[in-house]
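> please find the sequence and the predicted model below.
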Amino acid sequence: MQRIHLTTDSLKVPCSPTPVDGWRRPEWPATLPLQLAERGTLVQTRPGQPLPLSLGGEETVFVVRTATLLFRLSLAENLRQGVALLYLGDVFRSAFAPAGPAAQLISLTSGEILRYRHGAFSKIMSTDPEARSYFDQAVARQTARQAIHLTAVGQLDSSQRLVTFLVELATQIGVPASEGRVVFEMPLSRSEVAEYLGLNADTLSRIMSRLRSQGLLTQPDRQTIFVRDLEALAALSPASAALLALPRMTSKPINAQ
């Protein structure tokens, strides 16, 4: 297994010093526990890259360093659904995928992840309370985020679903820009966003056009999105308050030496 050698200082991932557009969020742990950092295999990812859910038949575990991942299930040939997005600091076990349906974990962006065989990861969990606490908090954070997403898809109208998704991206991967805006790169294609939200692609395009015409968003290109007023955008979805209360880490990576 490839070892990642880090100093204690290089493990620091400071949380954002100022909340986006005045919204306050609890802080996420500022360091990755040393044993997790040292004992993972560093994997460089590229957009669209599938990540193996087993190694030689053994379950795998991933910790996201600097990428956005998509967990997707296919129940049948024409029944495919994006289940969850994973961001900086999130963790994923192969056991999170149900037995039977075809499951995929896909890197949506270039970046880095730490990969573990489950046996080695389980040993870390049983011997290092700090690593166990990190894993438990990460799973709790992800479960809360997924619960908001599932409720939005099941209960909100098309416009509210898309707004909820944009607020999630703005608060999870967005960075402050000039004039109080928040900017992020859309990690999904239009068809993937439609799939993730249970929307028709044309409906998705119409809603995006309306948000731009209202002055809430600008798009200098297909991937880059500027949220001009996060508070005004968030007000369009009843799920936004719960999303804005979730912790996030900054986009600064955990630096390997």
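Noted; the coordinates are in hand.
> not counting sequence-adjacent ones, nearest residue to Leu53?
Spatial nearest neighbour of Leu53, chain neighbours left out: Ser94 (4.2 Å); criterion: CB to CB, 6 or more residues apart in numbering. Where C-beta positions appear, they are placed from N, C-alpha and C, glycine not excepted.
> my guess is the one you found contacts Leu55, does it?
No. Taking contact to mean CB atoms under 8 Å, the distance of 9.5 Å between Ser94 and Leu55 leaves them out of contact.
> compute the number of surrounding residues for the residue nearest to Leu53.
Look at Ser94: counted by other CB atoms under 10 Å, it has 18 neighbours.
> return the per-residue confidence for it.
According to the predicted model, the pLDDT of Ser94 comes to 93.
> count of residues packed around Gln214?
Gln214, neighbours per other CB under 10 Å, totals 13.
> send me stretch 58-69 as PDB with only the CA atoms.
The C-alpha trace of stretch 58-69 is given here as PDB (Å, rounded to 0.1, in the frame of the first residue of the first chain):
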ATOM      1  CA  GLU A  58     -12.400  -7.000  -0.600                       C
ATOM      2  CA  GLU A  59     -14.500  -4.000   0.200                       C
ATOM      3  CA  THR A  60     -13.000  -0.600  -0.300                       C
ATOM      4  CA  VAL A  61     -13.300   2.700   1.600                       C
ATOM      5  CA  PHE A  62     -12.600   6.200   0.300                       C
ATOM      6  CA  VAL A  63     -11.900   9.500   1.900                       C
ATOM      7  CA  VAL A  64     -12.300  12.500  -0.500                       C
ATOM      8  CA  ARG A  65      -9.400  15.000  -0.500                       C
ATOM      9  CA  THR A  66     -10.000  17.300  -3.400                       C
ATOM     10  CA  ALA A  67     -12.700  16.000  -5.700                       C
ATOM     11  CA  THR A  68     -16.500  15.700  -6.100                       C
ATOM     12  CA  LEU A  69     -17.900  12.200  -6.500                       C
END
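> what comes up buried for it?
Along stretch 58-69, the positions that meet the burial threshold by neighbour count (16 or more other CB atoms under 10 Å) are 59-69.
> okay if I get those residues as CSV plus distance to Asp128, pLDDT and secondary structure?
Compiled in CSV, those are given as follows (distance: CB to CB, whole Å; pLDDT from 0 to 100; DSSP: H, G, I helix; E, B strand; the rest coil):
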residue, distance to Asp128, pLDDT, secondary structure
Glu59, 19, 94, strand
Thr60, 19, 96, strand
Val61, 14, 97, strand
Phe62, 18, 97, strand
Val63, 14, 96, strand
Val64, 19, 94, strand
Arg65, 19, 90, coil
Thr66, 23, 89, coil
Ala67, 24, 93, coil
Thr68, 27, 96, coil
Leu69, 24, 97, strand
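> where exactly do the helices run in the stretch 1-150 of the chain?
Secondary structure of the stretch 1-150 of the chain (DSSP state H, counting those that start in this stretch): helices at 34-39, 118-127, 129-155.
> quick one: buried residues of the longest one?
Read it as helix 129-155. 131, 134-135, 138, 141-142, 145, 148-149, 152-153.
> ditto for the shortest one
Residues 35-39 are the ones in helix 34-39 that count as buried (16+ other CB under 10 Å).
> so which elements touch it?
Helices and strands touching helix 34-39, as assessed by 3 or more CB pairs under 8 Å, 6 or more residues apart in numbering; DSSP states H and E, comprise strand 111-117, helix 118-127, helix 129-155.
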